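Enquirer: Would you be able to build a 3D model of this:
(2 chains)
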Amino acid sequence: MDGACPLPLDEYPVVLLAHGGGGRLMQRLLDGLILPTLDVRAGQSLHDAARLDELLTDAAGRLAFTTDSYVVRPLFFPGGDIGTLAVCGTVNDLAMAGAQARALSVSLILEEGLPMQTLWQVLRSLRQSAAAAGVRIVTGDTKVVERGRADGVYINTAGIGAVPAGVSIHPGRVRAGDAVLLSGDIGRHGIAVLAQREGLQFETTIESDCQPLWPAVAALLDAGLDLHCLRDPTRGGLASALVEIARQAGVDVLLDEAALPVTPPVATACELLGFDPLHVACEGRLVAFVPAPQAQAALDLLRSAPGGEQAARIGAVRGPGGQVTLRSRYGIDRPLDMPAGELLPRIC
Amino acid sequence: MSSAEYRDPVTVRRLLDAIAGTVSRPWTLMEICGGQTHAILRAGIDRLLPPAVTLVHGPGCPVCVTPVGVIDQAIALAGRPEVTLCSFGDMLRVPGSCGDLLAARAAGGDVRVVYSPLDAVALAGREPKRQVVFLAVGFETTAPAAAAAVRQAQALDLPNFSLLCAQVRVAPAMAAILAAPDCRIQGFLAAGHVCAVMGLAEYAPLVARFGVPIVVAGFEPVDILTGVLHCLRQLEGGRARLENAYARAVSAQGNPAAQALVGEVFECVARDWRGLGELPESGLGLRAGYADFDAARRFGLAQTPAPDPGECLAGEVLQGRLRPDRCPAFGSRCTPQRPLGAPMVSSEGACAAYYRYRGPVA
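Expert: Residues are numbered from 1 along each chain as shown, chains lettered A, B, ... in the order given. Here you go, the predicted model:
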């Protein structure tokens, strides 16, 4: 997909309101740029809805369905962009239910004046990420809003996935004695986006961890491991993900601070900004609750998955309750909670 | 040592053993800085220390001590259509008498988070038709950057940049706490960052006047415990001296260039503190030569002293008289989601530290 934007930029270098008007210009945008770049299922006749029969023949009714909207600013950041995010986010939400994503819808809300070249780059990322995740983009929508009413591009994706037979992954299955595993280091996505947005310079460029998680989940499932619960720690970070699961499952979770993988650049950036890495968003990490006897096998698989070098066993489920407790390096326990709201950099 | 070594559990244990071997009777120490308060609660240092050593938390959170009246002025400015109000992130959630800056932004005000006052100057340069006001809060650590911003705005001839001044000084607050008749503080850990800028000179008169040890300390567990040990050795030995236990970052003279910059732009003025009232010489105001950059003057802001909210006991907390979790509203009517006062909002605030590291029912 390298090369130039397929739409002649000298004709329409930026998105116009008319590109969303339903007329000739919109058709030209769809036929000339969006559909070919996204490789919307070849041979599929464009209709008001996509037929998924052949994509889901083996699903036997065990389907998962999810949707999410992506409004990240800036659109491009080290390690990814809004297109990568819009695919990985939805594919990963399906993977956390044990579902392999099969079909994706993509809805674009474009701001008048968006450079056509930028749109093309985002579409290219959407396609590349979908290909990497093994999912087809089968339907979508495009709207254009007036200048000033959006940050360039907003994307909504919805995904349908197939859950393999025998797989049941949800908080209700978390049990005392489960080990808590984390698939890699935390906090890189949130810091990468913030640094890019606010023009913060750190000694090392921090790249987002954004990536599809299905390969890691598939490896765990293929090995026959009994995954009780999975969660990707996105907004709110690892702390929020674990607090949610502990509450939903009604169990106490004890985390070991010394085992939490945080890279030195992320730790330094968090110190400077007054953030706790436990509260910073990830986009390519998962937390897995597995029976303790299977923990080492699961950890070995996570470590051989892409980006999983720092996968770690970070804690254990202790018993009924609903609290998450962090044991510090000095043996002191403290409760872990969700952040109060938007992460704001501290004063000094 | 790398920063990880200042958290090393073995070194921490060695220091705790030394402290246990030093202490023969109860002592109460105050750490001034909110950053130290959070480090203490995060690592659980207060629970690792022998029971005879009590740490109380001082007023060293600039967000917490900014009075309601200044927040109200900032909110009023944010409501003006021509104004872009800039400040550090924490200030956006601090309650004024009616709402906070986040609510002002949601209501249509142009409120922006910046990382440095110089970012606000750059914004004023980029948007000449807007009046860019920087809400300048902070101790001596942020004052040089605020002074540099004013100098830069003057050099660039930017008529659309101004400061809403709420800069404060640590030493007068320490003096006020020590002068209180019921003061129970027997030793201080001074804030390393402030001393890195200002040096140690301001503390010697406090040691002489009040007869308390003051030890400059850093922000990692090893730094804080080293400061505590030095302070306790003095107290047990019947001495009261000024000591620097953070020599890797702090020199006796501080940073003369930063001091000169602050002295050029600012002068000491009386300043109202949330919970503490007005303290003489405790604030920094713009000198006459820079009065054009004073937002209060430019926009004709009235000095409207707003009372602290009745139920919030921030004043008692900020003076070390009340442990945050002993406030009747703590964790129930006052939480980070619905704070009654600034110490529950700020990432440096003592109430926020107790809530975050001990839970709502500490």
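
Enquirer: going forward, measure contacts between C-alpha atoms and count neighbours the same way
Expert: OK.

Enquirer: elements contacting the lengthiest helix in chain A?
Expert: Determined from DSSP state H, the single longest helix within chain A is helix A:116-133. On a contact count with 3 or more CA pairs under 8 Å, 6 or more residues apart in numbering or on different chains; DSSP states H and E, helix A:116-133 meets helix A:35-38, helix A:82-95, strand A:136-145.

Enquirer: How far off centre is the shortest one?
Expert: Read that as helix A:35-38. Distance of helix A:35-38 from the chain centroid (CA atoms, centre = their mean, to the nearest Å) equals 22 Å.

Enquirer: Repeat that for the longest one.
Expert: Distance of helix A:82-95 from the chain centroid (CA atoms, centre = their mean) equals 4 Å.

Enquirer: Mind telling me which residue of the stretch 51-200 of chain B is nearest chain A?
Expert: residue B:89 (4.7 Å; CA to the nearest CA).

Enquirer: I'd guessed that residue sits against residue B:102; true?
Expert: No - Residue B:89 is beyond contact range of residue B:102, at 9.9 Å (criterion: CA atoms under 8 Å).

Enquirer: how many neighbours does residue B:315 have?
Expert: 21 (other CA atoms under 10 Å in any protein chain shown).

Enquirer: a markdown table for the helices and strands packed on helix A:116-133, including mean pLDDT, distance to residue B:199 and mean neighbour count?
Expert: Below are the helices and strands packed on helix A:116-133 laid out as a markdown table (pLDDT from 0 to 100; distance: least, CA to CA, whole Å; neighbours: other CA atoms under 10 Å in any protein chain shown):
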| stretch | mean pLDDT | distance to residue B:199 | mean neighbour count |
| --- | --- | --- | --- |
| helix A:35-38 | 89 | 61 | 20 |
| helix A:82-95 | 97 | 47 | 27 |
| strand A:136-145 | 94 | 56 | 20 |
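
Enquirer: Ok, which of the ones you listed comes nearest chain B?
Expert: It is, among those and with distance given as CA to the nearest CA, strand A:136-145, at 20.1 Å.

Enquirer: For chain B, which residues are neighbours of chain A?
Expert: Residues of chain B lying close to chain A by CA under 8 Å from any CA of the partner chain are B:9, B:42-44, B:47, B:62-63, B:88-90, B:115, B:138, B:141-142, B:336-337, B:346-348, B:356-359.

Enquirer: So which of these belong to helices?
Expert: Those of the residues of chain B next to chain A lying in helices (DSSP H): B:9, B:42-43, B:47, B:62-63, B:356-358.

Enquirer: farthest-separated two in the residues you listed?
Expert: B:9 and B:63 (31.6 Å; CA to CA).

Enquirer: Just the C-alpha atoms of the longest strand seen in chain B, please, in PDB.
Expert: Counting residues, the longest strand found in chain B (DSSP state E) is strand B:277-286. Provided in PDB are the C-alpha atoms of strand B:277-286 (Å, rounded to 0.1, in the frame of the first residue of the first chain):
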ATOM      1  CA  GLY B 277      -5.300  33.400  56.000                       C
ATOM      2  CA  GLU B 278      -3.000  36.300  55.000                       C
ATOM      3  CA  LEU B 279       0.700  35.900  55.700                       C
ATOM      4  CA  PRO B 280       3.000  38.800  55.500                       C
ATOM      5  CA  GLU B 281       5.800  38.600  52.900                       C
ATOM      6  CA  SER B 282       4.500  35.200  51.800                       C
ATOM      7  CA  GLY B 283       3.700  35.900  48.200                       C
ATOM      8  CA  LEU B 284       5.400  37.200  45.100                       C
ATOM      9  CA  GLY B 285       3.800  40.100  43.200                       C
ATOM     10  CA  LEU B 286       5.000  41.800  40.000                       C
END
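
Enquirer: Mind listing what's buried along it?
Expert: Residues B:279, B:281-286 are the ones in strand B:277-286 that count as buried (16 or more other CA atoms under 10 Å in any protein chain shown).

Enquirer: same for that strand, what does it pack against?
Expert: Partner elements for strand B:277-286 (3+ CA pairs under 8 Å, 6+ apart): strand B:161-168, helix B:170-179, strand B:266-273.

Enquirer: just the helices in chain A please.
Expert: Counting by DSSP H, the helices of chain A are A:24-29, A:35-38, A:82-95, A:116-133, A:188-198, A:214-222, A:237-249, A:264-273, A:295-304.

Enquirer: ranking these by burial, who's on top?
Expert: helix A:82-95 (a mean of 27; mean count of other CA atoms under 10 Å in any protein chain shown).

Enquirer: Let me see the residues that make contact with it.
Expert: If you take CA atoms under 8 Å, 6 or more residues apart in numbering or on different chains as the criterion, helix A:82-95 is touched by A:64-72, A:75-76, A:100-101, A:122-126, A:128-130, A:133, A:155-161, A:210-214, A:217, A:232, A:283-284.

Enquirer: could you give the angle of that helix to helix A:116-133?
Expert: 30 degrees (axes from the mean of the first three to the mean of the last three CA atoms, to 10 degrees).

Enquirer: now the helices and strands packed on strand B:277-286 in TSV, with distance to residue B:119 and mean neighbour count?
Expert: Shown next, in TSV, are the helices and strands packed on strand B:277-286 (distance: least, CA to CA, whole Å; neighbours: other CA atoms under 10 Å in any protein chain shown):
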stretch	distance to residue B:119	mean neighbour count
strand B:161-168	11	27
helix B:170-179	25	19
strand B:266-273	20	19
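
Enquirer: Make a markdown table out of the ones you listed and add mean pLDDT.
Expert: A markdown table is the format used below for the helices and strands packed on strand B:277-286 (pLDDT from 0 to 100):
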| stretch | mean pLDDT |
| --- | --- |
| strand B:161-168 | 96 |
| helix B:170-179 | 94 |
| strand B:266-273 | 95 |
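
Enquirer: Which one of these lies nearest to residue A:96?
Expert: Nearest of the helices and strands packed on strand B:277-286 to residue A:96, taken as CA to CA: strand B:161-168 at 48.3 Å.
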